[in-house]
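K.L.:
structure here, sequence nowhere to be found:
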């Protein structure tokens, strides 16, 4: 196995909720299977899929719950798919194109999930299988989720009440009578070469019933990450940063290799496990700094740092190229441009430019504390010492500061003119009314 098979925490959450709602000790059970003890806020993080399946089976057996896979599937909706998959499906003009894209990007949900379409005379089968799991027990829990999400995708085109004529499972599993009663027009098959549902061939040309915004462009040649060991570790480790992270021996066991083999694979990539863990911890913290308004101390603690000073020291140990990219991207978010609301200061090009500059300043103020902190620990040194030779500020640095000062001056002058004109207009309106 070249990597650790992973699934999004989103698919573990409903099993944990079912277990918690009957008063069972869910944290203890999650910890027993080396899953994060807390899943709140981690829907888009990843955990080992085989451990997740074992956890689902333990929930069913320990509490005497029947068809726990179906019970969990009922708690999920189309909105629980990853944002990327939702965007792709939401923008697809026909069901056929949506299914094609869903097959391509299925590993964004489970890193070993394979999906494909099989054409038959009057229908098409949408098939799925977890690679490398042939013969494993209790896969019906995962296969319920695999099938239910395909059903939700089809419903984006066929309507919310549509149900397939057949739901098939790769596992040797038969739903209970209660479950089958909820699907009165559907037959269930087990022991199939793959899990699948069938869709009438004429449905493939159905148009999208949902109006979704144009998605961010995805590279057609890109492949979802996480298939290789290091990529899988980078996906999985953020789930554990706020608690006890897995040891290298536990990681090796998850990957099905010896600890020495894991160390050798990391060494061939120029890494150690502790170094990789530090990098993942730093990248997770940097992402939260970019994307949230949380305090630095909260971000540091949730990323596994004992205090902000620890975060600062770790930040300095990160290679300079990665550190500077992170700092500049965070600053770019903080001072990125924006558009003024229509009608506030006019709609002409100059007015829009003034609005963008004003938005730039507002966003700068909002992110001031983060930016100042990051500049202090990662970028201020560059302003003071160029290339490590004490040459002081370069011309590019001076140009940047000059541009900032010029922007502030232009904004102040333009804003004064706008508000002065507003005062004149208000005075004229009062005279006309009187």
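P.N.:
Perfect, thanks for sending it. Keep in mind that what you see is a predicted model, and the values were worked out from it rather than measured.

K.L.:
so residue 92 versus residue 157, what's the distance?
P.N.:
Per Cβ to Cβ, to the nearest Å, residue 92 is found 9 Å from residue 157. (Each C-beta comes from the backbone N, C-alpha and C, glycine too.)

K.L.:
okay, and the common contacts of these two?
P.N.:
By the contact definition Cβ atoms under 8 Å, 6 or more residues apart in numbering, residue 92 and residue 157 are jointly contacted by 98, 208.

K.L.:
just give the nearest non-adjacent residue to residue 204, would you?
P.N.:
Leaving aside its sequence neighbours, residue 204 sits nearest to residue 96 (Cβ to Cβ, 6 or more residues apart in numbering; 3.9 Å).

K.L.:
pLDDT of the helix or strand hosting residue 309, averaged?
P.N.:
Assigned by DSSP states H and E, residue 309 falls within helix 308-317. For helix 308-317, mean pLDDT rounds to 68.

K.L.:
re earlier: count of neighbours near the residue nearest to residue 204?
P.N.:
18 (other Cβ atoms under 10 Å).

K.L.:
again with residue 283
P.N.:
17.

K.L.:
equivalent analysis for residue 37, please.
P.N.:
14.

K.L.:
so how far is residue 121 from it?
P.N.:
In terms of Cβ to Cβ, residue 37 sits 51 Å off from residue 121.

K.L.:
are we agreed that the residue nearest to residue 204 is in a strand?
P.N.:
No. Checked against DSSP: H, G, I helix; E, B strand; the rest coil, residue 96 lies outside a strand; its state is helix.

K.L.:
thought it was touching residue 205?
P.N.:
Yes. At 6.9 Å, residue 96 counts as touching residue 205 under the criterion of Cβ atoms under 8 Å.

K.L.:
host element of residue 199?
P.N.:
strand 195-200.

K.L.:
partner strands of that strand and their direction?
P.N.:
For strand 195-200, sheet partners with direction are given as strand 123-130 (antiparallel), strand 166-168 (antiparallel), following DSSP bridges.

K.L.:
and those as TSV, adding mean neighbour count?
P.N.:
Formatted as TSV, those follow (neighbours: other Cβ atoms under 10 Å):
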stretch	mean neighbour count
strand 123-130	21
strand 166-168	20
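
K.L.:
would you list every one of the strands in this structure?
P.N.:
With strands called from DSSP state E, the chain shows them at 6-8, 46-48, 113-119, 123-130, 166-168, 187-189, 195-200.

K.L.:
could the ones you listed go into TSV alongside mean pLDDT and distance to residue 249?
P.N.:
As requested, the strands of the chain are exported to TSV (pLDDT from 0 to 100; distance: least, Cβ to Cβ, whole Å):
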stretch	mean pLDDT	distance to residue 249
strand 6-8	96	19
strand 46-48	95	15
strand 113-119	96	28
strand 123-130	97	25
strand 166-168	97	39
strand 187-189	97	41
strand 195-200	97	34
